[in-house]
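[1] Quick check, what structure comes out for this input:
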Amino acid sequence: MNYDFEEIRCYHNEEVHEVLSRLIEEKQFIKVLSTVYPLMPKDVLKQRLLSFNDKYSFQKEMVYPFLQYLEANMTKGIKLWGLEKIDKTKPYLYISNHRDIILDSAFLCGKLIEDNMNTVEIAIGDNLLIFPWIEDLVRVNKSFIVKRGLSARQVLESSQRLSAYINYTINEKQQSIWIAQREGRAKDSNDRTQESLLKMFNMYGTASFTENLAQLNICPLSISYEYDPCDFLKAKELQQRQLDPDFKKHPMDDLLNMQTGVMGYKGQVIYQLTGDIQQELKEIGAQTSIRNEQISLTAELIDKRIHSGYSIFAINKIAYDLLRNENRFEKEYSTMEKLDFERYLSLQIAKIDLPEKNEDFLMKRLLEMYANPLINYLSTKE
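    Model prediction:
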């Protein structure tokens with residue numbers, strides 16, 4: 001079956017100039033760009049944008065310098081480890097945990113540029129396309145659109161088309177993709193792969209589940225931020241959901257999360273490629289022919305790869321001990337580090353504006369965010 005990808009695909013290189021010509025007429029976009037490049041006059045910015053005729057040049061010469069600024073000013077450094085575990089000539093479907101709406105994929109692309117590798121196409125939910133110009137911006141930045149909030153029938157059709165697009169991108173375009181292991185960020189950092197995501201990957205194939213997924217060159221990717229600038233916003237949302245199970249974020253909440261995530265301090269940021277899972281998929285296929293069991297085992301496999309690839313920081317160990325009221329890791333951090341982290345948590349809670357603010361609840365949620373990566377990491381060593 002042939003699918004029409006026009007509505008969801010990233011833009012082609014021959015469309016880049018036209019799209020950027022549209023974007024320079026958007027006052028809001030130019031205002032944002034002027035914030036990113038405050039020393040560059042608006043007329044110069046517009047001319048600079050009009051000089052690009054392909055996506056990679058736009059990313060390398062316009063987006064990458066801003067990522068360098070963020071690395072220098074908002075982090076202690078960003079590392080991409082594990083390149084020796086992949087074949088740089090092959091396209092991969094990178095599946096990772098999801099911490100930051102924008103930067104998870106952006107920093108990955110920045111590090112790939114530094115290694116003279118092609119950047120990835122990026123899966124992005126249409127709930128984040130708050131203004132029409134944002135869709136133009138992300139699609140010219142190699143993003144493809146994942147439709148949200150659909151009816152049951154629309155979900156099936158959308159998933160089939162998305163599955164076909166991912167297969168086409170990997171196997172025909174020979175282009176790598178980044179996608180999060182679940183819809184939305186894990187607010188408690190307890191990262192788990194959604195089985196529905198794996199079912200979607202399988203829809204386009206005609207072979208068995210494990211054979212279909214093997215064709216996508218799946219490579220789990222672990223992302224570790226020392227500090228999460230959005231931790232207080234995630235804790236706030238968790239309390240809002242506790243008070244009202246039907247609570248739904250406003251689109252402007254997503255915008256605030258994007259701004260806070262980009263411009264907040266992140267400490268060390270480490271990406272760990274874990275290699276493809278081709279051999280393990282074969283083993284799962286040999287182990288059981290029951291599709292639901294294959295799906296569950298594949299989700300567990302991806303989770304274990306991601307969890308084992310985390311970088312563990314001192315604050316993860318402090319959070320673990322505070323959360324469990326233990327001293328398991330006390331010899332691995334200093335009293336000053338513990339006091340600094342406790343002060344940091346208090347300052348983050350102070351930022352939360354809720355009429356029925358429950359500080360004990362919020363503190364526990366923050367501790368879980370920083371302890372869960374360590375808890376899951378330890379589970380892979382048992």
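[2] and the longest strand along the chain, what does it pack onto?
    For the chain, the strand with the greatest residue count under DSSP state E is strand 218-225. Helices and strands touching strand 218-225, by 3 or more Cβ pairs under 8 Å, 6 or more residues apart in numbering; DSSP states H and E, are strand 93-96, strand 268-273, helix 291-308. (Each C-beta comes from the backbone N, C-alpha and C, glycine too.)
[3] what's near enough to touch E368?
    When the contact criterion is Cβ atoms under 8 Å, 6 or more residues apart in numbering, the partners of E368 are D188, S189, N190, A319, L323.
[4] Can you give me the pLDDT of it?
    We note a pLDDT of 98 for E368 in this prediction.
[5] Which parts of the helix or strand hosting it count as buried, going by neighbours?
    Take DSSP states H and E as the rule and E368 turns out to sit in helix 359-379. Residues of helix 359-379 classed as buried: 362-377 (neighbour count, 16 or more other Cβ atoms under 10 Å).
[6] what angle separates that helix from helix 291-308?
    Here helix 359-379 runs at 100 degrees with respect to helix 291-308, directions being taken by axes from the mean of the first three to the mean of the last three Cα atoms, to 10 degrees.
[7] pLDDT weak spots in the chain?
    1 (pLDDT under 70).
[8] Domains in it, by residue range?
    The chain breaks down into these structural domains: 13-229+264-311, 315-379 (assignment by automatic domain parsing).
[9] and the shortest one, how far apart are its ends?
    Just to be clear, that refers to domain 315-379. The distance separating the two terminal residues of domain 315-379, taken as Cα to Cα, to the nearest Å, comes to 18 Å.
[10] Can you give the distance of it from its chain's centre?
    Between the centre of domain 315-379 and the centre of its host chain there is 23 Å, according to Cα atoms, centre = their mean, to the nearest Å.
[11] can you give me the helices in the stretch 1-150 of the chain?
    Defined through DSSP state H, counting those that start in this stretch, the helices belonging to the stretch 1-150 of the chain, from first to last, are 16-23, 27-36, 42-50, 55-58, 64-74, 103-114, 132-140.
[12] got a list of contacts for the shortest one?
    Here helix 55-58 makes contact (Cβ under 8 Å, 6+ apart) with C10, Y11, N13, V16, L20, F52, N118, T119, V140, N141, K142.
[13] and that helix, which residues are buried?
    K55, F58.
[14] starting at the chain centroid, how far to it?
    If you compare the mean C-alpha spot of helix 55-58 with that of the full chain, they lie 21 Å apart, counting by Cα atoms, centre = their mean.
[15] do the last one as well
    Centre-to-centre, helix 132-140 and its host chain are 18 Å apart (Cα atoms, centre = their mean).
[16] List the buried residues for that helix?
    In terms of neighbour count (16+ other Cβ under 10 Å), helix 132-140 has its buried residues at W133, I134, E135, D136, L137, V138, R139, V140.
[17] contacting residues around the third one?
    Spelled out, it's E135. Contacts were defined as Cβ under 8 Å, 6+ apart; by that measure E135 touches D126, L129, I145.
[18] Could you give the number of residues near the second one?
    It refers to L129. Neighbourhood size, L129 [other Cβ atoms under 10 Å]: 20.
[19] hmm, back to that, between the helices of the stretch 1-150 of the chain, which one is nearest to P251?
    When the helices of the stretch 1-150 of the chain are ranked by distance to P251, counting by Cβ to Cβ, first place goes to helix 132-140 at 10.6 Å.
[20] then that closest one to CSV, C-alphas only?
    Listed in CSV are the C-alpha atoms of helix 132-140, where the atom choice follows Å, rounded to 0.1, in the frame of the first residue of the first chain:
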residue,chain,number,x,y,z
PRO,A,132,1.8,27.5,12.6
TRP,A,133,5.3,28.9,12.1
ILE,A,134,6.6,26.3,14.6
GLU,A,135,5.6,23.5,12.3
ASP,A,136,7.6,25.2,9.5
LEU,A,137,10.6,25.5,11.7
VAL,A,138,10.6,21.9,13.0
ARG,A,139,10.0,20.4,9.5
VAL,A,140,12.8,22.4,8.0
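[21] thinking again about what came up before, got TSV for the contacts of E368, with neighbour count, secondary structure and distance to M200 too?
    Conversion of the contacts of E368 to TSV gives the following (neighbours: other Cβ atoms under 10 Å; DSSP: H, G, I helix; E, B strand; the rest coil; distance: Cβ to Cβ, whole Å):
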residue	neighbour count	secondary structure	distance to M200
D188	15	coil	24
S189	25	coil	24
N190	15	coil	22
A319	25	helix	34
L323	19	helix	34
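[22] can you put the residues you listed in JSON lines and add distance to E61?
    Output for the contacts of E368, formatted as JSON lines (distance: Cβ to Cβ, whole Å):
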{"residue": "D188", "distance to E61": "38"}
{"residue": "S189", "distance to E61": "34"}
{"residue": "N190", "distance to E61": "39"}
{"residue": "A319", "distance to E61": "40"}
{"residue": "L323", "distance to E61": "45"}
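[23] any idea which of the residues you listed is closest to E300?
    Nearest to E300 among the contacts of E368 is N190, at 14.2 Å by Cβ to Cβ.
[24] Ignoring the adjacent residues along the chain, who's closest to the closest one?
    Using Cβ to Cβ, 6 or more residues apart in numbering and skipping the chain neighbours, the partner closest in space to N190 is N372 (4.6 Å).
[25] so that neighbour makes contact with D228?
    No. Using Cβ atoms under 8 Å, N372 and D228 do not qualify as a contacting pair, with a distance of 11.5 Å.
[26] re the thing from before, partner strands of the longest strand of the chain and their direction?
    Partners of strand 218-225 in the sheet, by DSSP bridges, are strand 93-96 (parallel), strand 268-273 (antiparallel).
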